[in-house]
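Asker: Show me how the following folds:
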Amino acid sequence: MITVEKALQLTQSNIQKTTITSDILISKALGYVLAEDILSPIHMPPFRQSAMDGYALGSTDEKTFTLIGEVKAGDDTDPKLQSGEAIRIFTGAPVPSGAQAVIMQEKVTIQKNQVILSEHVVPNANIRPFGEQIKKDDIALTKGTVITAAGIGYLASLGITRILVYKKPSIAIIATGNELISPGQELKHGQIYESNSIMLSSALIKTGFTEEISYYKIEDEYDITLSILENVIDQYDVVLISGGISVGDYDFVGKALQALDVEEIFYKVKQKPGKPLYFAKKQGKTIFALPGNPASSLSCFYIYVLPSLLKISGYANYNLTRSTAISASHYQKKGQRAEFLKALVDHNNVTILDGQASSMLRSFALANTIVYLPEEVTEVNIGDTVTIINLP
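Answerer: Here you go, the predicted model:
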């Protein structure tokens, strides 16, 4: 059994960023990582642009101007302004040639065809210069940038429709156990509803892994387990197995993986929950066998699986953010393992929730952070500073 720190080190050192790229529409690019620098195909803005509704002025050293017309957003005309002349203009409209400044409409008075300023205006006021945001052929976004909603909007404003990104891994989720049935079916004695697959898929979707997720259900039978695992490992980049990794008479996952000659990196971590965590590789494929207990499974997903998926996808910062907070709870460990505790952080105060058992999801449903207690920490008192891992 290895420490949490060793498990994290082994996971990160055995996970490599993909070299596979994909050319995709920017509308599908949210959460992907750029695989190349993006150069701007245009100047932005591509013309001098009014920053507000008002009046474009032919000079800035006069107080009264003659109104000669109007320019609105989208107009392709370019009236020539002379000194002492003004044109009504609207936000986003092209500023006419000869215009020296734009004054806000609230700072003028209109009398017939005369525009009378209530205050002095400085040259170039309220005019967005040609190419102010970016010049043509300058780098708009660099390789390695994570595409956000703002990034998509920015690229669209430059007329870009497709970009080259690092491909996200295909993922298979496998639930094991004869006792598991789907929610909605009648629950018989000895059965429980299977929740891990929908929980893990929801966590994947929440964190941007929305495509190429497949689901499998395996009963506790060795030949079936072996056959399905062999096919799934061959087809998918990452395999997440829920349950069946222990050493009971009807836990066949470990035996099947051994028969398939996967390279075991580690099995069992000195942590609570999630002790029976298994991590392996085979021919570039990544395999995690997660504990069957739901809270254990989700804890291991956030601490080990999600950072691995992000690293594969090209993220430079792939671990969940860690910080510190002041404990509002007293907590006493019952063992010597490191612990991941479901908690609720509010500003800089964190409350450790009741119901920390590995089978209990209610506290996880209420939590927005995880309190991490290393092995050497045996007790937390109110007012102590603790490490927290912020959930996405």
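
Asker: which stretches of the stretch 101-250 of the chain have low pLDDT?
Answerer: When residues are selected by pLDDT under 70, those of the stretch 101-250 of the chain lie in 247-250.

Asker: what are the ranges of the helices in it?
Answerer: For the stretch 101-250 of the chain, applying DSSP state H, counting those that start in this stretch gives helices covering 149-157, 196-206, 222-235.

Asker: Just the pLDDT for the residue lying closest to I152 once chain neighbours are set aside.
Answerer: Ranked by CB to CB, 6 or more residues apart in numbering and with sequence neighbours excluded, the top spatial neighbour of I152 is I26, at 5.2 Å. Every residue, glycine included, has its C-beta placed from N, CA and C. In this model, I26 is scored at 98, pLDDT.

Asker: Verify the stated contact: I26 with L164.
Answerer: No - with the criterion set as CB atoms under 8 Å, I26 and L164 do not qualify as a contacting pair; they are 11.2 Å apart.

Asker: more neighbours, these two?
Answerer: I26 (19 against 16; other CB atoms under 10 Å).

Asker: Name all residues that make contact with that one.
Answerer: Counting by CB atoms under 8 Å, 6 or more residues apart in numbering, I26 touches 147, 152, 155-156, 160-163.

Asker: What of I127?
Answerer: 48-51, 95, 99, 101-102.

Asker: any idea which of the helices of the stretch 101-250 of the chain is most buried?
Answerer: Greatest average neighbour count among the helices of the stretch 101-250 of the chain goes to helix 196-206 (a mean of 18), per mean count of other CB atoms under 10 Å.

Asker: same for that helix, what does it pack against?
Answerer: For helix 196-206, the helices and strands in contact under the criterion 3 or more CB pairs under 8 Å, 6 or more residues apart in numbering; DSSP states H and E are strand 171-176, strand 213-218, strand 238-242, helix 294-300.

Asker: Just want the angle from it to strand 213-218.
Answerer: Interaxial angle, helix 196-206 versus strand 213-218 (axes from the mean of the first three to the mean of the last three CA atoms, to 10 degrees): 170 degrees.

Asker: all helices of the stretch 251-392 of the chain, in order?
Answerer: In chain order, the stretch 251-392 of the chain shows helices spanning 253-259, 294-300, 306-312, 362-366, with DSSP H, counting those that start in this stretch as the criterion.

Asker: out of these, nearest to L141?
Answerer: Closest approach to L141 among the helices of the stretch 251-392 of the chain (CB to CB): helix 306-312, 18.5 Å.

Asker: tell me the mean pLDDT over that closest one?
Answerer: Averaging pLDDT along helix 306-312 yields 97.

Asker: re earlier: please produce a ChimeraX select command covering the buried subset of the contacts of I127.
Answerer: Only the buried entries of the contacts of I127 go into this ChimeraX selection, using 16 or more other CB atoms under 10 Å:
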select :48,49,50,95,99,101,102
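
Asker: Widest-spaced pair of the contacts of I127?
Answerer: When CB to CB is used, the two most widely separated members of the contacts of I127 are Q49 and A101, lying 13.4 Å apart.

Asker: want to throw the helices of the stretch 251-392 of the chain into a markdown table with mean neighbour count and distance to T351?
Answerer: Listed next are these as a markdown table, based on neighbours: other CB atoms under 10 Å; distance: least, CB to CB, whole Å:
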| stretch | mean neighbour count | distance to T351 |
| --- | --- | --- |
| helix 253-259 | 19 | 36 |
| helix 294-300 | 26 | 17 |
| helix 306-312 | 21 | 24 |
| helix 362-366 | 15 | 10 |
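
Asker: out of the ones you listed, which comes closest to G184?
Answerer: With distances scored as CB to CB, the stretch of those nearest to G184 is helix 294-300 (17.9 Å).

Asker: Need the residues that contact that closest one.
Answerer: For helix 294-300, the external contacting residues (CB under 8 Å, 6+ apart) are 195-196, 199-200, 203, 242, 273-277, 288, 290-291, 340, 342, 356-361, 363-364, 370.

Asker: mind listing what G243 touches?
Answerer: G243 makes contacts with 175-177, 196, 251, 253, 290-292, as judged by CB under 8 Å, 6+ apart.

Asker: redo that, cut-off 6 Å
Answerer: With contacts defined as CB atoms under 6 Å, 6 or more residues apart in numbering, G243 is in contact with 176-177, 292.

Asker: Run a quick neighbour tally on A357.
Answerer: Taking other CB under 10 Å as the criterion, the count of residues near A357 is 13.
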